[in-house]
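Engineer: I'd like to go over a predicted model; first the sequence, then the structure.
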Amino acid sequence: MRVHVTDLRPGDHIQQDAFNSNGVHVLRKGTILRMEDISKLLQHGIDYIDISPRQLAESIELLSDISESFRQVQPQFNLAFDGCRSMFEEAAMTGKFNESVVDDTFHPLVDSLSEQKDVVSLLLLFNGKDDYTYRHSIQVGMLSYYIAEWMGYSEQEAYDIGKAGFLHDIGKCRIPREILDKPGKLTPDEYEQVKLHTIYGYEMIYESTQDKITATVALQHHERGDGSGYPKAIGEDQIHPYAQICAVADVYSAMTTNRVYQSKQQLLTVLRELYGLSFGKLNGKATHAFIRQMLPYFIGKKVVLTTGESGIIVANNQSDYFRPLVQAGERFIDLSKEPDTEIQEILL
């Protein structure tokens, strides 16, 4: 059956080799399409493709497989959540935490992530409204691990960077809950107290593990390349590379997660803001690696537009990566050409 590329679904089988208008071979006959393959066809300007007839059972099975793959991650996420809470509570009482708890809870999560490349779906699935500090720590650990992998770090280095991200906010256990959970704007004095979590984190991690690099990540994850960060206002050449990766993950997670005093922002909007921050404040290589790898996984996601319409992201826009092409019913909406229309929410 011949279908338009925007009507393709993951799991479709293509019946012929796919070539673009210049004769470049794009996909082989028999390819079982993934979301990134559909994106590739769109980017090459291919309009129609021949696929094997779809069976209802196959479509249901595909959806079931996707759901099952994420269900397999859930126990490891819950384990990491419980471990994170346990570490925070122990550190609050004693000033230290049991190092073995970190590996016992974070390592199984990392192992389960090796089969989960759709980071956008992971963020949507595990972005609850409760216990922000623990969810944020897990997200920063996950994202730091992914970014390190995408930048070409070894598996062990990526794990170490992810673990540093997992621990980066441990110092917040010494900040009064009434400040962390305050629904309104912090006073200057309260903000100064919050900033101390970087120093507390360094002290707790080093005291507990003797790992100076991981401790340094906690100390420096709010430092910025232009010297505008804290606690020491140092420049990019003095910020540890692991801390620079963690900073990207930290900003993205913080801006896309529900907090007491701030509603989460839309995932693509935050990517655009990260891109702007990559010129001076956040490390450019880490930020661009993150954006480059994340963008393909927005294709196929359901969205709600500010017009009230519901649709599906069908292609990234080459002229503006953060304003994609959306199909809403029979209408195709190029958000780069409709500045008054925004994505209000991204759904699974």
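Structural biologist: Perfect, I can see it now.

Engineer: now the helices for the protein?
Structural biologist: 35-43, 56-94, 99-113, 119-125, 132-150, 155-167, 177-180, 188-195, 197-209, 212-220, 241-256, 267-277, 284-294 (DSSP state H).

Engineer: Dump those helices to JSON lines, plus distance to Asp17.
Structural biologist: Backbone N, C-alpha and C define where each C-beta goes, glycine included. Output for the helices of the chain, formatted as JSON lines (distance: least, C-beta to C-beta, whole Å):
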{"stretch": "helix 35-43", "distance to Asp17": "12"}
{"stretch": "helix 56-94", "distance to Asp17": "22"}
{"stretch": "helix 99-113", "distance to Asp17": "33"}
{"stretch": "helix 119-125", "distance to Asp17": "29"}
{"stretch": "helix 132-150", "distance to Asp17": "29"}
{"stretch": "helix 155-167", "distance to Asp17": "35"}
{"stretch": "helix 177-180", "distance to Asp17": "57"}
{"stretch": "helix 188-195", "distance to Asp17": "57"}
{"stretch": "helix 197-209", "distance to Asp17": "54"}
{"stretch": "helix 212-220", "distance to Asp17": "47"}
{"stretch": "helix 241-256", "distance to Asp17": "38"}
{"stretch": "helix 267-277", "distance to Asp17": "33"}
{"stretch": "helix 284-294", "distance to Asp17": "27"}
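
Engineer: Which one of those helices lies nearest to Asp320?
Structural biologist: helix 267-277 (8.7 Å; C-beta to C-beta).

Engineer: If you compare the directions of that closest one and helix 284-294, what angle comes out?
Structural biologist: Angle, helix 267-277 to helix 284-294, by axes from the mean of the first three to the mean of the last three C-alpha atoms, to 10 degrees: 160 degrees.

Engineer: Mind putting the helices of the chain into JSON lines with mean pLDDT?
Structural biologist: Output for the helices of the chain, formatted as JSON lines (pLDDT from 0 to 100):
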{"stretch": "helix 35-43", "mean pLDDT": "76"}
{"stretch": "helix 56-94", "mean pLDDT": "76"}
{"stretch": "helix 99-113", "mean pLDDT": "93"}
{"stretch": "helix 119-125", "mean pLDDT": "83"}
{"stretch": "helix 132-150", "mean pLDDT": "95"}
{"stretch": "helix 155-167", "mean pLDDT": "98"}
{"stretch": "helix 177-180", "mean pLDDT": "92"}
{"stretch": "helix 188-195", "mean pLDDT": "97"}
{"stretch": "helix 197-209", "mean pLDDT": "98"}
{"stretch": "helix 212-220", "mean pLDDT": "98"}
{"stretch": "helix 241-256", "mean pLDDT": "96"}
{"stretch": "helix 267-277", "mean pLDDT": "95"}
{"stretch": "helix 284-294", "mean pLDDT": "96"}
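
Engineer: Make TSV out of these and add mean neighbour count and distance to Leu27.
Structural biologist: Shown next, in TSV, are the helices of the chain (neighbours: other C-beta atoms under 10 Å; distance: least, C-beta to C-beta, whole Å):
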stretch	mean neighbour count	distance to Leu27
helix 35-43	19	6
helix 56-94	15	18
helix 99-113	18	27
helix 119-125	19	22
helix 132-150	24	23
helix 155-167	23	29
helix 177-180	13	50
helix 188-195	13	50
helix 197-209	21	47
helix 212-220	23	41
helix 241-256	25	31
helix 267-277	18	26
helix 284-294	19	20
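
Engineer: closest one to Glu342 among those?
Structural biologist: Evaluated with C-beta to C-beta, these place helix 267-277 nearest to Glu342, the distance being 7.9 Å.

Engineer: Kindly format the C-alpha coordinates of that closest one as CSV.
Structural biologist: Provided in CSV are the C-alpha atoms of helix 267-277 (Å, rounded to 0.1, in the frame of the first residue of the first chain):
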residue,chain,number,x,y,z
LEU,A,267,10.0,20.5,26.4
LEU,A,268,10.8,22.1,23.0
THR,A,269,10.6,25.6,24.4
VAL,A,270,13.3,24.7,27.0
LEU,A,271,15.5,23.2,24.3
ARG,A,272,15.4,26.5,22.5
GLU,A,273,16.3,28.3,25.7
LEU,A,274,19.2,25.9,26.3
TYR,A,275,20.4,26.6,22.8
GLY,A,276,20.6,30.3,23.7
LEU,A,277,22.4,29.5,26.9
